[in-house]
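Asker: mind folding the following:
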Amino acid sequence: GKKPLRQRVVDELKHYYNGFHLLWIDTTVAVRMVWRLLHGQVLTRRERRRLLRTCADLFRLVPFLVFVIVPFMEFLLPLFLKLFPAMLPSTFETESKKEEKQKKKLNAKLELAKFLRETIAEMAKRNKADTG
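Answerer: You can find the predicted model right below:
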């Protein structure tokens, strides 16, 4: 069934608290990585991706904070998230959103693989017709 309003508000507050906490942790790790970069160390591919994701999240945080700071503007947040789905920092995404994003990526990869397979088959037919 549907949760009471008080429980939904508490859940949303916990969600925002956890999102900000994770963003804080990512930011401290990113600062350490930048410090290592400035001292001549090389980052691994995984560290570089995490650093880029954290920097993108910090840039996304600016418009998101407007919704948190301005009174009653958080009611417009679902509308803006519908219009701009990538506006929310990655630490604020729910599991369902992450799964949906993974499904979209997988479908895109499958379509690309199908296109490439058909293209290679077509090229093989042409080469066979040219030589035969």
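
Asker: list the buried ones in the lowest-mean-pLDDT helix or strand in the chain?
Answerer: Between all helices and strands in the chain, the lowest mean by mean pLDDT, DSSP states H and E belongs to helix 77-83, at a mean of 82. Buried residues in helix 77-83, counted by 16 or more other Cβ atoms under 10 Å: 77, 80-81. For glycine as for every other residue, the C-beta is placed from the backbone atoms N, C-alpha and C.

Asker: who touches that helix?
Answerer: Helix 77-83 is contacted from outside by 67, 87-88, using Cβ atoms under 8 Å, 6 or more residues apart in numbering.

Asker: ok, then the element right after it?
Answerer: Later in the chain than helix 77-83, the nearest helix or strand by DSSP states H and E is helix 95-131.

Asker: measure the residue nearest the centre of the chain to Lys2 for me?
Answerer: The centroid of the chain falls nearest to Ser90 when counting by Cα atoms, centre = their mean (4.7 Å). Distance, Ser90 to Lys2, by Cβ to Cβ, to the nearest Å: 28 Å.
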